[in-house]
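1. Next comes the sequence, and after it the predicted model I'd like to discuss.
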Amino acid sequence: MPQATSHLEKPNFPLWATVTAAGSDQWSAAASCATAMLKGLEALQKTQERATREVTERHAAAAERLKNGCSASDIAAVQADLMRADMEAFTRYLQRVAAATAEMQTRMFTSWNRTIDNATMLETLSSLNGKSH
């Protein structure tokens, strides 16, 4: 009768041995990349919050200006000012998003390259494929 293995024992698979032998670098790199990505997403969220706050304040001020009975030319001027300011703000927003995204990607690649031992990773991948380099 086969003996039952404890759930605490490591499985007796060659793949398991290979993955655990060199896997800590990969897991560490993955965790570092995830951290960099999450910090980048947080920066993107702050960028969005800032843009939303700025546009909300601008439109609230315009609404106050329009409340007090304006002429048609005043209304047109307020609308023109809003359109100009919104387009400028949108351009700044896109620039901030691009910068935050680029920084996030740089942090992810840097954390990966700093953590991972490329030679070990290649050896691990080769052993999984049954090839040697």
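-> Okay, I see it.
2. which stretches of the protein form helices?
-> 14-67, 72-115, 118-129 (DSSP state H).
3. and the longest one with helix 72-115, angle?
-> If I follow you right, that is helix 14-67. If you take axes from the mean of the first three to the mean of the last three C-alpha atoms, to 10 degrees, helix 14-67 sits at 160 degrees to helix 72-115.
4. Quick check: which ranges of this protein have low pLDDT?
-> 1-23, 25, 115-122, 124-125, 129-133 (pLDDT under 70).
5. Grab the nearest non-local neighbour of residue 36.
-> residue 107 (3.8 Å; C-beta to C-beta, 6 or more residues apart in numbering). To be clear about C-beta, it is placed using only N, CA and C from the backbone, and glycine gets the same treatment.
6. Just to check, the one you found is in contact with residue 38?
-> No. Using C-beta atoms under 8 Å, residue 107 is not in contact with residue 38, being 10.4 Å away.
7. Between the two, tell me which one has more neighbours.
-> Remark: of residue 107 and residue 38, residue 107 carries more neighbours, 18 against 11, as counted by other C-beta atoms under 10 Å.
8. now the more buried one: how far from residue 50?
-> 20 Å (C-beta to C-beta, to the nearest Å).
9. now residue 31
-> On the measure of C-beta to C-beta, residue 31 and residue 50 end up 29 Å apart.
10. Residue 91 too?
-> For residue 91 relative to residue 50 (C-beta to C-beta), the value is 14 Å.
11. Compare those two (neighbour count), which wins?
-> residue 50 (14 against 10).
12. Contacts only, for that one.
-> Residue 50 sits next to residue 96 when contact means C-beta atoms under 8 Å, 6 or more residues apart in numbering.
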